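Student: Okay, structure incoming, though there's no sequence with it:
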């Protein structure tokens, strides 16, 4: 089979605001991940304390939701420090530091499970993060890229054979999901002649950079390719063709 020539679509030069040191990620009681731009946004997105299984900041610090009536004086003081941006919490709940440290082994398993259970919600498949800091960067970057005010990539640039590069320097190829448990109408739709094949609800598999090195999840300029390195976070998505 003759492969089509790949198109290369570079990202915008500047990284989006999600690269700053603010924001939180929550994992709810159903295992779904969500990015929140502030402490006030965290408490606004939940109705009761146990609805959030875990909350963490960009440094990996753990938090929980507490009902106002149950928060002791120490938790109140810590919560005031967390929410010092000026925006008040939702009535009845506040964000307080967790008593235990973040369990990164659990967090990694929860992220992999969510990706494979709901691939259209978490379609960016990075190389497997090698340490806890790499996992944090993967979570914050992928969630803000997909669920921020301007989701990346735009549908108009997604086409079969085109390589996409996100604002953080990670390159991907889009592939369609051949088989899922619920009908998502995932199929290739042919546009005008010569325009390529647009993919509906694809996943984006990270690939090595054209130079043979990749930026890497440890930061820096990247390192040489290793034969056989997994191209998604841990394992291939179920039913992904061409991975």
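Tutor: Now that the structure is in, tell me what you want to look at. Everything quoted here is computed from the prediction, not taken from an experiment.

Student: Can you name every helix or strand that the helix ranked longest in the chain contacts?
Tutor: Longest helix in the chain by number of residues (criterion: DSSP state H): helix 132-147. Applying 3 or more Cβ pairs under 8 Å, 6 or more residues apart in numbering; DSSP states H and E, one finds that helix 132-147 contacts strand 24-28, strand 33-36, helix 104-117, strand 124-125. Just so you know, the C-beta spots here come from the backbone N, C-alpha and C atoms, and that holds for glycine as well.

Student: rerun that using 10 Å as the cut-off
Tutor: Where contact means 3 or more Cβ pairs under 10 Å, 6 or more residues apart in numbering; DSSP states H and E, helix 132-147 is packed against strand 24-28, strand 33-36, strand 52-57, helix 104-117, strand 124-125, strand 203-207.

Student: Find the least confident helix or strand in the protein, judged by mean pLDDT.
Tutor: Lowest on mean pLDDT, DSSP states H and E among the helices and strands of the chain sits strand 223-224, with a mean of 35.

Student: what residues go with each domain of the chain?
Tutor: When the chain is parsed with automatic domain parsing, its domains come out as 7-15+105-224, 22-57+62-100.

Student: per-stretch mean pLDDT over those domains, give me the minimum one.
Tutor: The minimum mean pLDDT among the domains of the chain belongs to domain 7-15+105-224 (a mean of 75).

Student: all strands for this structure, in order.
Tutor: 7-9, 24-28, 33-36, 52-57, 62-67, 93-97, 124-125, 162-165, 171-175, 188-190, 197-199, 203-207, 213-214, 223-224 (DSSP state E).

Student: For residue 144, which of these is the nearest?
Tutor: The closest of those to residue 144 is strand 33-36. By Cβ to Cβ, the value is 5.3 Å.

Student: What pairs with the closest one, parallel or antiparallel?
Tutor: Using DSSP bridges, strand 33-36 pairs in its sheet with strand 24-28 (antiparallel).

Student: which ones are touching residue 114?
Tutor: 27, 30-33, 121-122 (Cβ atoms under 10 Å, 6 or more residues apart in numbering).

Student: And these, which of them are buried?
Tutor: Buried members of these, scored by 16 or more other Cβ atoms under 10 Å, are 27, 33, 122.

Student: Residue 39: which of those residues is nearest?
Tutor: Nearest to residue 39 out of these is residue 27 (Cβ to Cβ; 16.3 Å).

Student: if we can go back for a sec, out of the buried ones among the contacts of residue 114, who's nearest residue 54?
Tutor: Comparing the buried ones among the contacts of residue 114 against residue 54 with Cβ to Cβ places residue 27 closest, at 4.8 Å.

Student: wait, that closest one sits on residue 106?
Tutor: Yes: counting by Cβ atoms under 10 Å, residue 106 is a contact partner of residue 27 at 9.1 Å.

Student: Now distance to residue 154 too, for the helices and strands packed on helix 132-147, in JSON lines please.
Tutor: Below are those laid out as JSON lines (distance: least, Cβ to Cβ, whole Å):
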{"stretch": "strand 24-28", "distance to residue 154": "24"}
{"stretch": "strand 33-36", "distance to residue 154": "19"}
{"stretch": "strand 52-57", "distance to residue 154": "29"}
{"stretch": "helix 104-117", "distance to residue 154": "21"}
{"stretch": "strand 124-125", "distance to residue 154": "14"}
{"stretch": "strand 203-207", "distance to residue 154": "13"}
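
Student: deepest of those, which one?
Tutor: Highest mean neighbour count of these: strand 124-125, a mean of 24 (counted as mean count of other Cβ atoms under 10 Å).

Student: Buried ones in stretch 35-53, by neighbour count?
Tutor: Neighbour-count burial for stretch 35-53 flags 35-43, 46, 49, 52 (criterion: 16+ other Cβ under 10 Å).

Student: just stretch 157-165 next, same as before
Tutor: Those would be 158-160, 162-165, for stretch 157-165 by 16+ other Cβ under 10 Å.
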